[in-house]
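K.L.:
no sequence for this one, just the structure:
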C-alpha cells in the first residue's frame with residue numbers, strides 16, 4: 001500500500017520560512033519523480049515544483065521561483081519543499097505527488113498525499 005505523508009505545514013507570518021516533508025512508503029522511491037501541488041480555497045489545484053529521481057532536474061512554477069526549493073533524500077524516501085519569503089498568496093493546502101510519467105497535471109499523478117495546510121498571515 002502506497003502512502004505519501006506530508007508534514008511541516010502551519011501558520012506563519014509573511015516573510016517567514018517553512019519546510020514541508022513528504023515521507024513515501026510502499027513504492028520504489030527512486031522510480032518516481034516527486035513533486036508538490038497546492039490548492040487554495042475556491043481555486044484549482046496547481047503545480048508548484050517537481051524533482052526527478054536522481055535530484056538533478058527540478059522545475060518550479062513561476063510564482064515560486066527564487067523562493068521555493070524542492071529536494072529529495074532517496075535514502076530516506078522523502079521529498080522536501082523549502083519555502084522562503086512566504087507571502088499571503090502562498091496560503092493553501094500543499095499536496096505531495098508521485099509520478100512515473102512526464103505529464104505533470106493533477107489528473108496524471110500516480111499517487112497523492114492527503115495534504116498539509118500552510119497559512120501565511122500578512
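P.N.:
Cool, the structure landed. Just so it is clear, the model here is predicted, and its values are computed rather than measured. Numbers count the residues shown, from 1 in each chain.
K.L.:
Buried residues of the helix or strand of the chain with the lowest mean pLDDT, list them for me.
P.N.:
Lowest mean confidence among the helices and strands of the chain (mean pLDDT, DSSP states H and E): strand 58-60, at a mean of 80. By 16 or more other C-beta atoms under 10 Å, the buried positions in strand 58-60 come out as 58, 60. Backbone N, C-alpha and C define where each C-beta goes, glycine included.
K.L.:
Stretch 21-34 too?
P.N.:
Those would be 21, 22, 23, 24, 27, 29, 32, 33, 34, for stretch 21-34 by 16+ other C-beta under 10 Å.
K.L.:
Report the mean per-residue pLDDT for the helix or strand following the least confident helix or strand of the chain.
P.N.:
Elements were assigned by DSSP states H and E; along the chain past strand 58-60, the next helix or strand is strand 68-73. Strand 68-73 comes out with an average pLDDT of 94.
K.L.:
The helix or strand following strand 68-73: how far from the chain's middle?
P.N.:
Downstream of strand 68-73, the first helix or strand assigned by DSSP H and E is strand 78-83. Taking C-alpha atoms, centre = their mean, to the nearest Å, the mean C-alpha location of strand 78-83 is offset from the chain mean by 6 Å.
K.L.:
All set now, cheers.
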